[in-house]
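# kindly return the folded structure for what I paste below:
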Amino acid sequence: MKLFGHLLILAALFLNGCASYTWRSRVPEDLRTMAVPVFENESGQPELDAIVTKYTLRELQREGTFKIERLSDASLKLLGKLTRVKTESITFDRNFGSRTAEYRLSVVAEITLVDTASGKTLIDRQKIKARTTFLTHGDMLTGLQDAYPRVAKELSRSIVDAILAHW
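Purely as a prediction, here's the structure:
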């Protein structure tokens, strides 16, 4: 009998802990359509704006809360701006006069989320950061081009997380 009482108490505590959990999104139904214009690019890195925009759209679709629409039909508008891209040397090849062999690529974006119906800014210029590493093998441009999709994927996940965290 004592064991049964303890099991009942444990079950009640467990169920109480799950009482606030829900499978539904906290985003209001009327704010589940979004337009994502191509990000602005103040980073000085050509093509990175288009890559980050593409991965952000993919991540929004993968996450599933929002439906992507044209600006005229969307309840939310996500404005993105790439503000900084930085490369840092992290390993060196001593066989070639200490030439850099591996770099760290860091990207900083600012996002603004606007309710298109009211014009109200829901998220105002929030900074989002992402980084990755890449090898050059003597060719910096190819190394950067290989790193762009990886850093864009990480950045897009952080962007969608920041949007969902608003609610």
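
# over to the residue lying closest to residue 79 once chain neighbours are set aside. Which of the three states is it?
With sequence-adjacent residues excluded and distances taken as C-beta to C-beta, 6 or more residues apart in numbering, residue 79 is closest to residue 112, at 4.4 Å. All C-beta spots, glycine's among them, are computed from the backbone N, C-alpha and C. Recorded secondary structure, residue 112: strand (DSSP: H, G, I helix; E, B strand; the rest coil).

# please tell me how far the residue nearest to residue 28 when sequence neighbours are not counted sits from residue 56.
Ranked by C-beta to C-beta, 6+ apart and with sequence neighbours excluded, the top spatial neighbour of residue 28 is residue 167, at 7.7 Å. Distance, residue 167 to residue 56, using C-beta to C-beta, to the nearest Å: 18 Å.

# more neighbours: which of the two?
residue 56 (25 against 11; other C-beta atoms under 10 Å).

# buried sites along the one helix or strand that one maps to?
Using DSSP states H and E, residue 56 sits in helix 48-63. Within helix 48-63, the residues that count as buried by 16 or more other C-beta atoms under 10 Å are 48, 49, 51, 52, 53, 54, 55, 56, 57, 59, 60.

# swap in stretch 106-122?
Quick answer for stretch 106-122 (16+ other C-beta under 10 Å): 107, 108, 109, 110, 111, 113, 114, 116, 122.

# can you list the buried residues in the longest helix along the chain?
The residue-count maximum for a helix in the chain (DSSP state H) belongs to helix 140-165. For helix 140-165, a neighbour-count test (16+ other C-beta under 10 Å) marks 143-144, 147-148, 150-160, 163 as buried.

# one step back: quick check, nearest of the buried residues of helix 48-63 to residue 87?
residue 48 (12.3 Å; C-beta to C-beta).

# wait, the closest one touches residue 149, no?
No - in this structure, residue 48 is not within contact of residue 149 by C-beta atoms under 8 Å, at 10.2 Å.

# quick one: average pLDDT of stretch 28-40?
Here stretch 28-40 scores 94 as its mean pLDDT.

# so in the chain, where's the weakest helix or strand by average pLDDT?
helix 2-17 (a mean of 70; mean pLDDT, DSSP states H and E).

# what is the burial count for the residue nearest to residue 81 when sequence neighbours are not counted?
Nearest residue to residue 81, sequence neighbours excluded (C-beta to C-beta, 6+ apart): residue 40, at 4.1 Å. Applying other C-beta under 10 Å, we find 14 residues neighbouring residue 40.
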